[in-house]
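Student: Next input, structure requested:
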Amino acid sequence: MKIVAYDKWLNSSSDTSDSLFAVGSATEAGATQTLTAENFELLQNFPNPFEPMTQISFAVPGHTKVSLHVFSAEGRLVRTLLNKEVVKGRHSIGWNGRDDGGRLLPHGIYFVRLSSKEGTAVRKAVLLR
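Tutor: Numbers count the residues shown, from 1 in each chain. Now for the predicted structure:
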């Protein structure tokens, strides 16, 4: 069986296998990250760099409280995207490049941090204007 996936720019990736395959998301290096509900993980936001909107996906292995924060390159908290209990599984949330006050943030590098009792994960997001 051959599986072919296309991103929004029509770049393709394929896999030929007679066994199980995993569906994931492309990373900056072109490798594939697989999002499973058995692991605590934060995937790279997509698209990245982005303007005006990006999707942030993560998974948790069980019902837990999570926080998803965005920090400036200087370490200042600029946006709280999520701070609540979530169920086991995969989740995705959009970020529009605005701070908690609804103001447009300047272009630059931001850090997205996912935290829960299972751990902490951080990814870099690049906002274009």
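Student: Please compute how far the strand or helix carrying residue 109 lies from its chain's middle.
Tutor: Following DSSP states H and E, one finds residue 109 within strand 108-116. Computed by CA atoms, centre = their mean, to the nearest Å, the chain-centroid distance of strand 108-116 equals 9 Å.
Student: Can you give the strand pairings for it, parallel or anti for each?
Tutor: Strands that pair with strand 108-116, judged by DSSP bridges, come out as strand 64-72 (antiparallel), strand 119-127 (antiparallel).
Student: residue ranges for the strands of this structure, please.
Tutor: Secondary structure of the chain (DSSP state E): strands located at 2-6, 12-16, 24-26, 32-34, 41-42, 54-60, 64-72, 77-86, 89-95, 108-116, 119-127.
Student: Out of those strands, which gets nearest to residue 102?
Tutor: Ranking the strands of the chain by proximity to residue 102 (CB to CB) places strand 77-86 first, at 10.0 Å. For glycine as for every other residue, the C-beta is placed from the backbone atoms N, C-alpha and C.
Student: Using JSON lines, please lay out the strands of the chain together with distance to residue 48 and mean neighbour count.
Tutor: Shown next, in JSON lines, are these (distance: least, CB to CB, whole Å; neighbours: other CB atoms under 10 Å):
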{"stretch": "strand 2-6", "distance to residue 48": "18", "mean neighbour count": "11"}
{"stretch": "strand 12-16", "distance to residue 48": "17", "mean neighbour count": "11"}
{"stretch": "strand 24-26", "distance to residue 48": "10", "mean neighbour count": "16"}
{"stretch": "strand 32-34", "distance to residue 48": "12", "mean neighbour count": "14"}
{"stretch": "strand 41-42", "distance to residue 48": "13", "mean neighbour count": "21"}
{"stretch": "strand 54-60", "distance to residue 48": "6", "mean neighbour count": "21"}
{"stretch": "strand 64-72", "distance to residue 48": "13", "mean neighbour count": "17"}
{"stretch": "strand 77-86", "distance to residue 48": "15", "mean neighbour count": "14"}
{"stretch": "strand 89-95", "distance to residue 48": "11", "mean neighbour count": "15"}
{"stretch": "strand 108-116", "distance to residue 48": "10", "mean neighbour count": "18"}
{"stretch": "strand 119-127", "distance to residue 48": "6", "mean neighbour count": "15"}
